[in-house]
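J.: the following block contains a protein sequence and its predicted model.
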Amino acid sequence: MVRGTKIGSDHNLTSHSTRKDCYSILSSNKQLREFKLFVSNQLFTRYLTDFHKTQSWFAFDTLFVLWLIAEFQYTHLPIVNGAIGEIGVHRGKFTSYLYLLRHRSGNQTLFAVDVFAKKSLNIDQSGNGDRNEFLKAIKTYANVSVDEVDIYEGNSLDLNSAYSNNTSAQYWWQKKVGKNGFQIVSIDGGHTTLLTYADLCSVSRFLVDGGIVIVDDIDNPGWLGVRDGVGRFLSETSSLFNINDDSILFNMLKRHTFAPTLEFSCRIVEVTSKAGQSEHGCSRLVPILHYANKLYLTTSNYYPHYMNFLAKLNANGVNVVTYDALKSVAGNVPIWSDSQSNQRGIPNNNIRPTWLAEITRATG
Ligand SMILES: C[S@@+](CC[C@H](N)C(=O)[O-])C[C@H]1O[C@@H](n2cnc3c(N)ncnc32)[C@H](O)[C@@H]1O
């Protein structure tokens, strides 16, 4: 399942030997597994209750969206042993929550990448990482001790052989933390175009099929490098979808605001695929969701499943997202988004009882 490649090798965007294509995944029989998060619900409750006590750079509702995604991965795909972690952890507030989402089997690698005390490497002064505070947070909120987390203290560019000769960092990334592939990764380190692009590229190469990458600050006008880096990554790994490729599909997407069927989504992936190799060995990732200043991407073959999953949530009254047909600010495929929804009015200062009930049921 892992989409691995040799360090420094080129990567073919279209013929991936280990990846099943979109259509074969549609026809395969999905094994259902019982969904169980690793941690007790007391930890979840503590995290949610204490949320507003410390500064954070993400919306409270994001916690619910992420929880739903983890549940979907564990139950329906099922992916249970990919690594979970973040590039750019600051003091561990968001990372702790990602660690809370680990599977109860306990086989997942938990990782963190940050310059921490090497402040000169933080060239755009995004955040202010602190290793001790980070370790304290993950212990308090996710019950993860220092020996349970793999930490790289340094520049995330070191992880990418196209930009660095640091083979030990690249070995750590690929063979140690990435040995079973990455399952949920947040990219929130340096916010320049290059760092965003290179981090996406480094993660894309080892993301498990159906894994999720979350890019922070996609809407932030103070950090335009993020949008630029994402744009560069998407244009290098996929083709623009335009009317000449498939005018019927194009017009359907343009006119309709309903979510596409699974087969329809496969076709979208197909018409936006790109032949050849990416310049810096990146693998294709496709956006699925644009929510509260974060962009969520997955491997192209699982795009239809996430589109369908979010459609079902919507149909079942979990109205955190609306479907955005070709109107998204990010990428060249239709995705789900909060941009046109009034659901962002979810009160931010108290725990929504429905979340807690769901989380309690699943973790209890
Ligand atoms: C915006 S903060 C992260 C916030 C954190 N994700 C949260 O939500 O609480 C950015 C972090 O990236 C780290 N950073 C900046 N440049 C980096 C680089 N080139 N490589 C690794 N980490 C970097 C900073 O030290 C800082 O801790």
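T.: Sure, I can see it.

J.: up against the ligand, what does the stretch 1-150 of the chain have?
T.: The interface of the stretch 1-150 of the chain toward the ligand, taken as CB under 6 Å from any ligand atom, is made up of 56-58, 86, 88-90, 93-94, 113-115, 121-122, 126-127, 129. (C-beta placed from N, C-alpha, C; glycine too.)

J.: switch the cut-off to 8 Å
T.: Neighbours of the ligand within the stretch 1-150 of the chain, by CB under 8 Å from any ligand atom: 56-58, 86-95, 113-116, 119, 121-130.

J.: hang on, isn't residue 22 packed against residue 268?
T.: No: Residue 22 is beyond contact range of residue 268, at 9.5 Å (criterion: CB atoms under 8 Å).

J.: give me the common contacts of these two.
T.: Common neighbours of residue 22 and residue 268, counting by CB atoms under 8 Å, 6 or more residues apart in numbering, are residue 303.

J.: ok, now which ones touch the residue nearest to residue 296 when sequence neighbours are not counted?
T.: Leaving aside its chain neighbours, residue 296 sits nearest to residue 289 (4.0 Å; criterion: CB to CB, 6 or more residues apart in numbering). Residue 289 is in contact with 65, 295-296, 306, 310, 321, 335-337, counting by CB under 8 Å, 6+ apart.

J.: ok, those residues vs residue 51, which is closest?
T.: Taking CB to CB as the measure, residue 51 sits nearest to residue 65 out of the contacts of residue 289, at 14.4 Å.

J.: report the longest strand in this protein, please.
T.: Longest strand in the chain, counting residues (DSSP state E): strand 207-216.

J.: name the helices or strands packed onto the helix or strand following that one?
T.: Per DSSP states H and E, strand 207-216 leads on to helix 224-237 as the next helix or strand towards the C-terminus. Helix 224-237 sits against helix 193-204, strand 207-216, strand 285-291, with contacts defined as 3 or more CB pairs under 8 Å, 6 or more residues apart in numbering; DSSP states H and E.

J.: redo these as a markdown table? Include mean pLDDT and distance to residue 240.
T.: Converted to a markdown table, those look like this (pLDDT from 0 to 100; distance: least, CB to CB, whole Å):
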| stretch | mean pLDDT | distance to residue 240 |
| --- | --- | --- |
| helix 193-204 | 96 | 18 |
| strand 207-216 | 97 | 20 |
| strand 285-291 | 91 | 13 |
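
J.: ok, which of the ones you listed comes nearest the ligand?
T.: Ranking the helices and strands packed on helix 224-237 by proximity to the ligand (CB to the nearest ligand atom) places helix 193-204 first, at 5.4 Å.

J.: what is that closest one packed up against?
T.: Under the contact criterion of 3+ CB pairs under 8 Å, 6+ apart, helix 193-204 touches strand 182-187, strand 207-216, helix 224-237.

J.: coming back round to it: paired strands for the longest strand of the chain, with orientation please.
T.: In the sheet, strand 207-216 lines up against strand 182-187 (parallel), strand 294-299 (antiparallel) (DSSP bridges).

J.: sorry, back to before: can you select the buried ones from the residues of the stretch 1-150 of the chain next to the ligand in PyMOL?
T.: Filtering those down to the buried ones (16 or more other CB atoms under 10 Å) takes a single PyMOL command:
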select buried, resi 58+86+87+88+89+90+91+92+93+94+95+113+114+115+116+121+122+126+127+129+130
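
J.: okay, and which of the residues of the stretch 1-150 of the chain next to the ligand map to strands?
T.: 86-87, 113-114.

J.: let's have those residues in a markdown table, adding pLDDT and distance to residue 282.
T.: Output for those, formatted as a markdown table (pLDDT from 0 to 100; distance: CB to CB, whole Å):
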| residue | pLDDT | distance to residue 282 |
| --- | --- | --- |
| 86 | 98 | 19 |
| 87 | 98 | 15 |
| 113 | 98 | 17 |
| 114 | 98 | 22 |
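
J.: nearest to the ligand, of these?
T.: residue 114 (4.5 Å).

J.: how far away is the closest one from residue 154?
T.: 8 Å (CB to CB, to the nearest Å).

J.: so which of the helices and strands packed on helix 224-237 is nearest residue 149?
T.: Closest among the helices and strands packed on helix 224-237, once you apply CB to CB, is helix 193-204, at 17.3 Å.
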